[in-house]
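S.K.: Coordinates for the following, if possible.
(one chain, ligands or ions: 2)
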Amino acid sequence: MTSWFAPGRINLIGEHTDYNDGFVLPFALAVGCTATVAEAPSDWSVRSAQEPDPVVVRRSGLADAGDVPEWTRYVLGTLWLLTDRGVDVPPMEITVDSDVPTGAGLSSSAALVCSVVRAVDDHLGLGLDDDAVFALTRDVENDAVGAPTGGMDQLVSLRGEAGHVLLCDMRSHDTRPVPLDLAGRGLAVLVADTRAPHKHSDGEYGARRRGCEEAARILGVPALRDVSGADLADALGLLEEDELRRYVRHVVTEDERVLAVARLLDEGRLPDIGQALTASHASMRDDFRITVPEVDTAVDALLSAGALGARMTGGGFGGCVIGLLPEGDVEGAGDAVRRAFADAGFGEPSLFTATAEAGARRV
Ligand code: ADP
Ligand code: MG
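M.R.: Ligands and ions are numbered 1, 2, ... in the order given. Just a heads-up that it's a prediction; the model follows:
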């Protein structure tokens, strides 16, 4: 029997920069998924502590996979893709158990996929290196599930380090831990899960992605990552559509903010990152237009209650907001968010503090 744990994540800053080949700065959470692989007499069977029924399937590649419940594709995907790559994957039973809430923007899917890939690799003694493990976790979500994720979630779930955010270059997939010494500075990250329903998020995500690709084509660059802050004014002058101008301004300034925050953290200037966090939110609200009233309300409430900076985190149209706060202000800020939600007639938000923890590990 082999068990691996892999965590969920929160992105400190860098939204919609991943598919533009840019930069993101996520950290791994304490919550995560544990996958246990055991030998079985025949077939592949998967069970989740969060699902009522186990599922048993015949061994096969992806093309011959039958119709199975969506959630099992995150698990079986590893076995299908390894089979396609010529690995003779024996009969086995995989059990998963996760305390990452699903669909809240904390990446329960990466926790699930990364724990399974690591456990299967270890159990079978495949000896996949870090890059191959990452590529497989991304292929499972993209090809076996059909979720167009850029890979940030898997990178940080695999490689996160305690007390650090992970600076990820989403073109090369190079990563570097950057210190996030919250406790040492008497600060905390308060997360408000707005529980706002993700209305239209798929269509809007696709529209943003296509818009960014079109802008890159017009500007003659491989991706918006290749437009620097110094080039921004010229680039905007080449774009006729206001919508594309706004998208480019968000992506280019967001990449700059990610790198500025990483620099400040390297210099031990954690309290000084607040301004960039709040500027990121304004850019998502006004230029990229991916916020909703619930997240704007939560950000405003956090800032009024003493946050050094606050922003929506995740793809948008709902999900979570983070605030960087002095530890002593956390409780009051949580109350302020609850009050603002009640006044606005929104549902009850869920509030918790997050610390940066280690990535995937054997348990
Ligand atoms: P997020 O990653 O933000 O939580 P996703 O939509 O990407 O949201 O992934 C959520 C999906 O992952 C769930 O709908 C389910 O299919 C799968 N999943 C995550 N955790 C589990 C689990 N513990 N058991 C079964 N399926 C899970
Ligand atoms: Mg996900």
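S.K.: Output the set of residues of the stretch 251-363 of the chain in proximity to ligand 2.
M.R.: Counting by Cβ under 5 Å from the ion, no position of the stretch 251-363 of the chain is adjacent to ligand 2. (Each C-beta comes from the backbone N, C-alpha and C, glycine too.)
S.K.: count of residues packed around the residue of the stretch 51-200 of the chain found nearest ligand 2?
M.R.: Nearest residue of the stretch 51-200 of the chain to ligand 2: residue 109, at 3.3 Å (Cβ to the ion). Residue 109 has 25 neighbours, counted by other Cβ atoms under 10 Å.
S.K.: all helices for the stretch 101-250 of the chain, in order.
M.R.: 108-124, 130-139, 152-159, 201-219, 232-238, 242-266 (DSSP state H, counting those that start in this stretch).
S.K.: I'd like those helices as TSV, with mean pLDDT appended.
M.R.: Output for the helices of the stretch 101-250 of the chain, formatted as TSV (pLDDT from 0 to 100):
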stretch	mean pLDDT
helix 108-124	98
helix 130-139	97
helix 152-159	98
helix 201-219	92
helix 232-238	98
helix 242-266	98
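S.K.: Turn the ones you listed into CSV, including distance to residue 58.
M.R.: CSV is the format used below for the helices of the stretch 101-250 of the chain (distance: least, Cβ to Cβ, whole Å):
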stretch, distance to residue 58
helix 108-124, 17
helix 130-139, 21
helix 152-159, 27
helix 201-219, 32
helix 232-238, 53
helix 242-266, 45
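S.K.: for the residue in the stretch 201-350 of the chain positioned nearest to ligand 1, phi and psi?
M.R.: Ligand 1 sits closest to residue 314 of the stretch 201-350 of the chain, with a gap of 7.3 Å, by Cβ to the nearest ligand atom. In terms of degrees, to the nearest 10, the main-chain angles of residue 314 are phi 100, psi -180.
S.K.: Let me see the confidence value for it.
M.R.: Note for residue 314: predicted pLDDT of 90.
S.K.: now swap in residue 150 and tell me
M.R.: With respect to pLDDT, residue 150 scores 85.
S.K.: okay, now residue 145: neighbour count?
M.R.: Using other Cβ under 10 Å, residue 145 has 18 other residues around it.
S.K.: Not counting its neighbours along the chain, what's nearest it?
M.R.: Nearest non-adjacent residue to residue 145, counting by Cβ to Cβ, 6 or more residues apart in numbering: residue 73, 4.8 Å away.
S.K.: The one you found belongs to a helix, doesn't it?
M.R.: Yes - with DSSP: H, G, I helix; E, B strand; the rest coil as the criterion, residue 73 is part of a helix.
S.K.: could you pull out the helices for the stretch 251-363 of the chain?
M.R.: Counting by DSSP H, counting those that start in this stretch, the segments of the stretch 251-363 of the chain that form helices are 274-286, 293-304, 330-344.
S.K.: so of these, which one's packed in deepest?
M.R.: Among the helices of the stretch 251-363 of the chain, ranked by average contacts under mean count of other Cβ atoms under 10 Å, first place goes to helix 293-304 (a mean of 22).
S.K.: Which elements pack onto it?
M.R.: Where contact means 3 or more Cβ pairs under 8 Å, 6 or more residues apart in numbering; DSSP states H and E, helix 293-304 is packed against strand 187-193, helix 274-286, strand 309-313, strand 320-326, helix 330-344.
S.K.: strands paired with the shortest one, and their directions?
M.R.: In other words, strand 309-313. Applying DSSP bridges, strand 309-313 is found paired with strand 320-326 (antiparallel).
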